[in-house]
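1. Here is the input, now give the coordinates:
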Amino acid sequence: MKCEPAKAAVQVAAAEVPIMFPAADSGRPNTKGFPMNLPEIETDGPNFTTVRVGNVLVWFSYTTAIGFQVDGKPRVVRDNRWGPTTGKHLNKIDDGDKKSRVSGEEFQRRWDAELSLLSK
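-> The predicted model follows:
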């Protein structure tokens, strides 16, 4: 099913804002619905942003994802392949625990694995 968020009807609930995506063929809101939390975006410093969608937390340095956490599981943080500013951002995420950082390839593999679990 193809969804077009721009046509979503928003319903306000107590702790979250579910979005009712339209049915693909009708252009009207899908009465069965597809609840989804809207993203929460925080600027944590210059060029350092945190985005939370439901139980998924992603940290960005500039526009690059450098860390994530899903459902309170351990954080996954990339190793620094950029420079000192991104290094400062990484240190804010993992308190400078450089030994636990993973390569870009491993970061992507773990991200894909978590997303596949969320989509089930």
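
2. List the buried residues in stretch 46-64.
-> Within stretch 46-64, the residues that count as buried by 16 or more other CB atoms under 10 Å are F48, T49, T50, V56, L57, V58, W59, F60, S61. All C-beta spots, glycine's among them, are computed from the backbone N, C-alpha and C.

3. Dump the helix ranked longest in the chain to PDB, restricted to CA.
-> As assigned by DSSP state H, the longest helix anywhere in the chain is helix 104-118. Taking Å, rounded to 0.1, in the frame of the first residue of the first chain, the C-alpha atoms of helix 104-118 are listed here in PDB:
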ATOM      1  CA  GLY A 104      29.400   2.200   8.900                       C
ATOM      2  CA  GLU A 105      28.700  -1.200   7.400                       C
ATOM      3  CA  GLU A 106      27.900  -2.700  10.800                       C
ATOM      4  CA  PHE A 107      25.800   0.400  11.700                       C
ATOM      5  CA  GLN A 108      23.700  -0.100   8.500                       C
ATOM      6  CA  ARG A 109      23.400  -3.900   9.100                       C
ATOM      7  CA  ARG A 110      22.100  -3.300  12.700                       C
ATOM      8  CA  TRP A 111      19.700  -0.500  11.500                       C
ATOM      9  CA  ASP A 112      18.300  -2.700   8.800                       C
ATOM     10  CA  ALA A 113      17.800  -5.600  11.300                       C
ATOM     11  CA  GLU A 114      16.000  -3.300  13.800                       C
ATOM     12  CA  LEU A 115      13.700  -1.900  11.100                       C
ATOM     13  CA  SER A 116      12.800  -5.400   9.900                       C
ATOM     14  CA  LEU A 117      11.800  -6.300  13.500                       C
ATOM     15  CA  LEU A 118       9.700  -3.200  13.800                       C
END
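
4. Can you tell me what sits against that helix?
-> The contact list for helix 104-118 (CB atoms under 8 Å, 6 or more residues apart in numbering) reads V56, A65, F68, V70, K73, V76, R78, D79, R81, V102.

5. Relative to I93, which of the buried residues of stretch 46-64 is nearest.
-> I93 lies nearest to W59 out of the buried residues of stretch 46-64, by CB to CB, at 5.3 Å.
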